[in-house]
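> Build the 3D model from these lines:
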Amino acid sequence: TNDLRKLAGDDHVLAVAGPLTSSAAEVTFPVANEMKVVSTSQASSKPGVAKLNRPWAFRNTIDEGVLGHATVPYYKKTFNIKTVAIIFDAKDATAATVGSKIMPGLMKDNGIEIVNANDPLSFNTGDLDVSAQVTKIKSLNPDGVVVSADYSQAVTVIREMKRQGVIKPVVGSTQLISSAILKAAPEIPIVAPASFYASMPGEKAEKFVKELTPLLHKISGLPPEIEPSMYDANIYEIASIYIDAVKNAGVTGKPEDLEADRTKIRDYMTKLKGFAGLGGPISFNEDGDAIKAFYIVQGQNGTWQSKVRGCSAPDGKQGC
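Next comes the predicted model:
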């Protein structure tokens, strides 16, 4: 919150790209409303976070509940899933909500039994040892496993699953989308929704990956096999939308016009229709969440492959 206050109050920025997570958005979006500056998250997807902080909060993401309605039926049909165990990161706001509320509801709706429904399995961000939790999953012998965690944390669970021989199909949220997670246990199928993935087709997406990949490695020191993530794509789209707003909404950039310029950017985003994103047109619904295409992708043997295409609708539900 202090950083956002500084950006808006001291640095007089026109708009803010971020914050990253739902946990951060829950505390910084109210400040964005107080300071009257647009703030757009590239990763927050916990239901309702932007809706509670209108009109200045936006998210270039889709509600995980909407995405799950398309993901779980595909997962069930593809792997003949009748039972699952659920494990989630209790310290991550999105992961905890998906793991304890969204996924249980979706499993019930799709006739899938949760074998540990009365004994939730969780861990905390940063935990390096999840052997006890995976041992429990192994003893329950479900058809599949719900792993609700950011990919950087989910990697620990999936590696332990491989170590203990729990080679079961995994399903989760957009948090799983990363080329890094595909290296953890290539033999374990992973199903998740994504509005962008590095191998997705399309000239614009391919150009983005080609140009950003060497830059990512140079700046962050990531190994060459790690490709741009959905979060990288989302922040690129946010910056592009802001630039478009400055060019087309009459923003002057003059200090005396700061308040008016910020309002012009907010109104531009509110009325935005069909902005050319990396995966297709982008708009925002009345809750401040993105209306955009998404894909149900399956990761196995080191690559993501698109299986189902959908899109979010203006009412916040699944469309097309």
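> nearest residue to S179 other than its sequence neighbours?
Spatial nearest neighbour of S179, excluding adjacent residues (CB to CB, 6 or more residues apart in numbering): E227 at 4.4 Å. For glycine as for every other residue, the C-beta is placed from the backbone atoms N, C-alpha and C.
> Please look at that neighbour and L182 and confirm they touch.
No: applying CB atoms under 8 Å, one finds E227 not in contact with L182, separated by 9.7 Å.
> what about the two, which has more around it?
L182 (23 against 19; other CB atoms under 10 Å).
> I'd say that one and W304 touch.
Yes: counting by CB under 8 Å, W304 is a contact partner of L182 at 7.2 Å.
> R54 contacts N285, correct?
No: R54 lies out of contact with N285 (CB under 8 Å); the separation is 10.8 Å.
> residues contacting the residue nearest to S179?
179, 198-199, 209, 213 (CB atoms under 8 Å, 6 or more residues apart in numbering).
> same thing with T94?
21-23, 44-46, 64, 173, 175.
> Helix, strand or coil: sort out it for me.
helix (DSSP: H, G, I helix; E, B strand; the rest coil).
> can you list the domains in this structure?
2-62+205-288, 65-193 (automatic domain parsing).
> Generate CSV for these, with mean pLDDT and distance to R309 as supplementary columns.
Compiled in CSV, these are given as follows (pLDDT from 0 to 100; distance: least, CB to CB, whole Å):
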stretch, mean pLDDT, distance to R309
domain 2-62+205-288, 90, 9
domain 65-193, 95, 9
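> Relative to G299, which of the ones you listed is closest?
domain 65-193 (4.1 Å; CB to CB).
> Compute the first-to-last residue distance for the closest one.
11 Å (CA to CA, to the nearest Å).
> again, but for stretch 128-147
OK, stretch 128-147 end separation, CA to CA: 15 Å.
> circling back to that earlier point, taking the contacts of E227 together, which two end up most distant?
It's S199 and T213 that sit farthest apart of the contacts of E227, by CB to CB, at 11.9 Å.
> Looking at the two, which is more packed in?
Counted by other CB under 10 Å, S199 and T213 do not tie: T213 has more neighbours, with 17 against 14.
> so the more buried one is in which element?
helix 203-220 (DSSP states H and E).
> picking up where we left off before, hang on, the residue nearest to S179 is in a strand, isn't it?
No: the assignment for E227 (three-state DSSP) gives coil, which keeps it out of a strand.
> which phi and psi does it have?
phi -100, psi 170 (degrees, to the nearest 10).
> again, but for the one 4 residues further on
Listed backbone geometry of Y231 is phi -70, psi -40, with angles given as degrees, to the nearest 10.
> quick one: contacts for it?
Y231 neighbours (CB under 8 Å, 6+ apart): 20, 42-43.
> hang on, the earlier thing: just the buried ones among the contacts of T94, please.
Listed as buried from the contacts of T94 are 21-23, 44-46, 64, 173, 175; burial here means 16 or more other CB atoms under 10 Å.
> CSV for those, including distance to I296 and secondary structure?
Formatted as CSV, the buried ones among the contacts of T94 follow (distance: CB to CB, whole Å; DSSP: H, G, I helix; E, B strand; the rest coil):
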residue, distance to I296, secondary structure
T21, 23, coil
S22, 21, helix
S23, 26, helix
S44, 21, coil
S45, 15, coil
K46, 20, coil
E64, 13, helix
S173, 12, coil
Q175, 15, helix
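> any chance of the residues you listed in a markdown table, plus distance to A192?
Below are the buried ones among the contacts of T94 laid out as a markdown table (distance: CB to CB, whole Å):
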| residue | distance to A192 |
| --- | --- |
| T21 | 17 |
| S22 | 17 |
| S23 | 20 |
| S44 | 17 |
| S45 | 12 |
| K46 | 16 |
| E64 | 10 |
| S173 | 6 |
| Q175 | 8 |
